[in-house]
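[1] How does the following fold in three dimensions:
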Amino acid sequence: MNSSIDTAIINAIVAEIEARSPEKRGREVAFLCPAHNDRHPSARWSPTKHTWYCDVCSLGGGALDLARRLGIPTTKKSTVNARRSRVERGPVVAQYVYTDEHGAPLYRVDRHDPKAFLQYRALPDGSFTSGLDGVTPTIFRLPRVLAAVARADRIFIVEGEKDVLALEAAGVTATCNSGGAGKWRPEFSHDLRGADVTIVRDRDEVGHQHARDVADSLAGIATSVTIVEAAAGKDASDHLAAGHSVDEFVVIEDVAAPPSLAEALDAVRDIIRRFVAMPSEHALDAVTLWIAATHAQTAWEHASRLVVKSPVRRCGKTRLLEIVSQLVHRPLRTANISAAALVRSISDTDPPTLILDEQDAVFARRRGELAEKAEDLRGIINAGYGRDFPYIRWNHAAREAEQCPTFAMVAIAAIGDLPDTVEDRAVVVTMRRRAEGERVQPLRARRARKYLEPLRADLGRAVRHLTEQLADAEPDLPVDDRAADVWEPLVAIADAAGGDWPSRARGACAAIGRGAEPEDDEPSVRLLADLRVVFGEGDALATTEILGRLKSIDDAPWADWARGSGLTPRGLAALLRPYGVKPAKWSGGTRGYRRDDLADAWARYARSSAQSATPATLESAAPVADGVADGEHPSATPAIRLDSTFVADGADGADERLNRATPDTHVFCVRCGAEATHYGPDLEALCDEHGDRHDFAQAVLQLNGHGTERVRRVI
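    I've put the predicted structure just below:
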């Protein structure tokens with residue numbers, strides 16, 4: 001083909017795309033895919049490369065392929081005709097101006113003959129220019145609609161502006177959205193709050209789905225919703241032209257009030273339990289609530305992630321994601337997506353729910369480093385956790401920076417762990433293989449859709465009409481910081497549902513939100529936790545003493561630090577320096593560290609002593625009293641040292657220290673586990689019964705040449 005024919009084809013394609021609900025996404029234009037029944041623009045056209053690709057059906061190709069799918073002739077003669085009929089369009093037969101609530105023009109839709117539509121945004125001087133960049137869409141005849149709602153008049157919703165004007169001529173109030181079927185936005189419904197609404201659906205599959213989407217969006221907002229069809233012809237205009245009145249539409253359905261949110265959640269939980277062996281009830285509740293939260297993404301400040309992982313394959317991850325993808329809002333499922341495709345699949349007004357499977361392959365480390373693609377993907381996923389963190393890219397054609405939205409909820413499945421920055425923003429569910437005796441029903445996706453799709457619709461209706469309530473929710477949570485941000489949408493959903501869901505949600509939050517928090521693997525944080533152990537109740541320790549005790553902890557890295565040479569005084573100081581902790585110098589030239597200098601760092605970075613490691617040598621070498629197994633005492637925690645300063649006090653001061661123990665501290669006899677009353681000559685804890693006996697195992701361990709007692713304590 002010569003260049004003129006190529007240009008004609010491109011112009012014809014652009015004209016067809018403009019009639020298919022176009023949305024600008026970065027350098028590309030999204031439009032309704034011609035290869036499948038598309039409800040939301042999922043195909044992307046590159047004006048610079050002249051290629052297209054659909055994110056849903058995975059079809060794509062060059063300009064000729066797209067032209068054929070759009071029904072555009074590709075021969076020289078027919079291309080010229082196509083250019084004349086499609087690009088030049090023909091005369092404008094109607095102009096529809098969309099305004100704000102005060103009647104100020106926002107944009108205009110021109111209708112051509114043959115049927116085609118072009119959109120123009122309003123300029124301050126009253127003129128119009130091509131495109132809707134920067135314009136927030138609204139519904140047609142908004143001022144009239146708002147006045148009718150105030151008068152409690154019935155509002156008719158149709159697919160196009162022509163039908164609106166026809167119904168107005170018949171004496172009723174009507175409205176529609178620009179762009180035709182599939183373009184109704186949730187925010188449009190709020191202008192119809194409290195109204196009685198009749199939806200006139202077109203007699204085709206796309207019209208049926210559009211009517212259902214609008215009805216779902218109005219659930220809990222409009223007072224009543226009725227779906228009707230024309231008694232004659234395809235749409236409202238045909239109905240009226242055939243001589244029928246507005247009272248003679250054929251009633252298809254009186255849409256009931258939205259279902260109970262609690263009942264919808266129960267149904268989702270039951271369906272997951274039916275097909276998937278979940279690791280716990282808490283995990284089942286968490287996944288159920290996360291699915292529900294995707295239907296109210298516009299209400300959340302943070303887009304919580306769902307991470308489904310397992311140690312090995314065949315643990316049910318993919319099956320769970322199959323069910324999740326059938327129940328969430330606007331699922332976009334993929335196993336391998338580029339960063340560029342990802343940001344072009346997300347819209348500001350109605351973000352999809354991203355379903356990313358097999359991500360262990362994407363985030364696999366090679367030579368200790370993540371691939372560049374994985375780093376880009378991780379950056380976008382992390383940025384999309386919060387609002388107002390767009391992906392900024394340079395548009396070479398326009399010579400300007402473009403901001404692509406990233407905010408969307410994401411479910412990710414992988415074998416093994418994902419990057420900490422991803423899991424830190426997620427509800428983490430660790431799957432496991434079914435045990436013998438655990439039974440679930442087989443899942444066949446095609447057969448499952450017949451009951452999963454109605455369930456998704458019911459859940460969406462139950463959640464969407466509570467969007468405003470959910471946006472204002474500030475639930476009490478058993479976690480804080482980022483974990484609270486992750487779990488707030490889930491607990492807000494549970495509180496709105498009522499019943500036992502609030503307690504179930506908080507139980508799951510406490511079990512998963514706390515228990516799944518990844519341990520901080522920073523060596524300096526591990527050092528702080530271990531220092532808390534070796535200090536015990538002591539006020540100060542010499543550096544040499546600290547290093548010796550640190551290196552005695554079997555599961556700690558300090559003995560092998562610095563390629564096997566062990567942690568040195570200089571290395572210890574370097575690890576503590578970022579926390580403002582410096583060694584002190586005492587009389588005689590001894591250097592060491594004081595408890596008071598470490599207190600602030602402990603409080604901020606090693607809050608719970610229960611998370612700190614206990615020197616394994618102290619655990620393993622402890623004697624066990626006759627007839628009492630280690631850890632068996634009903635009120636005792638695993639054995640630990642009570643106070644390292646006993647080694648300095650000696651036996652003479654041991655009883656006094658025991659008597660000064662705090663009321664919530666209990667020490668138990670090394671022989672029988674009874675409450676201890678004093679120490680023996682070798683600092684062993686003894687009760688009255690064994691206090692005068694010396695034929696028992698020593699409770700003293702040798703740690704760097706110093707005696708340290710072996711006792712039990714309960715806090």
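
[2] Okay, buried residues for stretch 324-339 please.
    Burial within stretch 324-339, assessed by neighbour count using 16 or more other C-beta atoms under 10 Å, is assigned to 324-334, 337, 339. For every residue, glycine as well, the C-beta is placed using N, CA and C.

[3] gap between the two ends of that stretch?
    Its first and final residues considered, stretch 324-339 spans 23 Å by C-alpha to C-alpha, to the nearest Å.

[4] Show me what whichever helix or strand I272 is part of is packed up against.
    Applying DSSP states H and E as the criterion places I272 in helix 261-275. Applying 3 or more C-beta pairs under 8 Å, 6 or more residues apart in numbering; DSSP states H and E, we find helix 261-275 packed against helix 281-293, helix 317-327, helix 445-464, helix 481-497.

[5] Name the nearest residue to G220, sequence neighbours excluded.
    The shortest distance from G220 to any non-neighbouring residue, by C-beta to C-beta, 6 or more residues apart in numbering, is to H465 (2.0 Å).

[6] Please identify the most buried of the helices and strands packed on helix 261-275.
    Of all the helices and strands packed on helix 261-275, helix 281-293 has the most neighbours on average by mean count of other C-beta atoms under 10 Å, namely a mean of 25.

[7] Check which element follows that one along the chain.
    strand 305-310.

[8] how far does that next one sit from the chain's center?
    Centre-to-centre, strand 305-310 and its host chain are 10 Å apart (C-alpha atoms, centre = their mean, to the nearest Å).

[9] List the contacts of it.
    287, 290, 316-317, 320-321, 324, 381, 385, 409-418, 422-423, 425-432, 486 (C-beta atoms under 8 Å, 6 or more residues apart in numbering).

[10] and P124, what pLDDT?
    P124 carries a pLDDT value of 89.

[11] An error on my part: the question was meant for L576.
    For L576, pLDDT reads 93.

[12] and what of Y579?
    Here the pLDDT value assigned to Y579 is 90.

[13] try T544
    Residue-level pLDDT assigned to T544 equals 91.

[14] burial count for it?
    Around T544 there are 13 other residues, counting by other C-beta atoms under 10 Å.

[15] A strand includes it, no?
    No. Per DSSP: H, G, I helix; E, B strand; the rest coil, T544 lies outside any strand segment and is helix.

[16] quick one: it from G589, how far?
    Note on T544: its distance to G589, by C-beta to C-beta, to the nearest Å, is 12 Å.

[17] Surely R319 touches R444?
    No. Counting by C-beta atoms under 8 Å, R319 does not reach R444; the two are 11.1 Å apart.

[18] about what we covered before: and the angle for the helix holding I272 with helix 481-497?
    110 degrees (axes from the mean of the first three to the mean of the last three C-alpha atoms, to 10 degrees).

[19] outside of helix 261-275, which residues touch it?
    Contacts with helix 261-275, where a contact means C-beta under 8 Å, 6+ apart, come from 278, 284-285, 287-289, 291-292, 319-320, 323, 327, 440-443, 448, 451-452, 455, 458-459, 462-463, 466, 493-494, 496-499, 501.

[20] Pull up the per-residue confidence for L167.
    96.

[21] brain fart, E689
    What the model reports as pLDDT for E689 is 60.

[22] ok, D100 - how many residues close by?
    What D100 shows, counting by other C-beta under 10 Å, is a neighbour count of 12.

[23] the strands in the stretch 101-250 of the chain, which residues?
    With DSSP state E, counting those that start in this stretch as the criterion, the stretch 101-250 of the chain has strands at 105-112, 116-122, 128-130, 154-157, 173-175, 196-201, 224-229, 250-255.

[24] Return the residues in contact with F389.
    Shown in contact with F389 (C-beta under 8 Å, 6+ apart): 383, 406-407.

[25] most surrounded residue in these?
    Comparing the contacts of F389 by number of neighbours (other C-beta under 10 Å), T406 comes first, having 25 neighbours.

[26] Leaving out the residues flanking it, which one is nearest to it?
    Nearest non-adjacent residue to T406, counting by C-beta to C-beta, 6+ apart: G384, 3.7 Å away.

[27] quick one: contacts for the one you found?
    Residues near G384 by C-beta under 8 Å, 6+ apart: 303, 346, 406-408, 410.

[28] again with V206
    Each residue near V206 by C-beta under 8 Å, 6+ apart is listed here: 37, 39, 181-182.

[29] go again using 10 Å as the cut-off
    32, 37-39, 159, 180-182 (C-beta atoms under 10 Å, 6 or more residues apart in numbering).

[30] Compare the residues you listed and tell me which has the most neighbours.
    Greatest neighbour count in the contacts of V206, by other C-beta under 10 Å, goes to E159: 28 neighbours.

[31] Got the confidence number for that one?
    pLDDT recorded at E159 is 93.

[32] Could you do the one 4 residues further on as well?
    D163 is assigned a pLDDT of 96 by the prediction.

[33] measure it to R201 for me?
    From D163 over to R201 (counting by C-beta to C-beta), the distance is 11 Å.

[34] about what we covered before: any chance of the strands of the stretch 101-250 of the chain in TSV, plus mean neighbour count and distance to A296?
    As requested, these are exported to TSV (neighbours: other C-beta atoms under 10 Å; distance: least, C-beta to C-beta, whole Å):
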stretch	mean neighbour count	distance to A296
strand 105-112	18	27
strand 116-122	18	29
strand 128-130	12	35
strand 154-157	24	22
strand 173-175	24	24
strand 196-201	23	21
strand 224-229	20	19
strand 250-255	14	20
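
[35] Nearest to L567, out of the ones you listed?
    Across those, the minimum distance to L567, taken as C-beta to C-beta, is reached by strand 116-122, at 65.6 Å.
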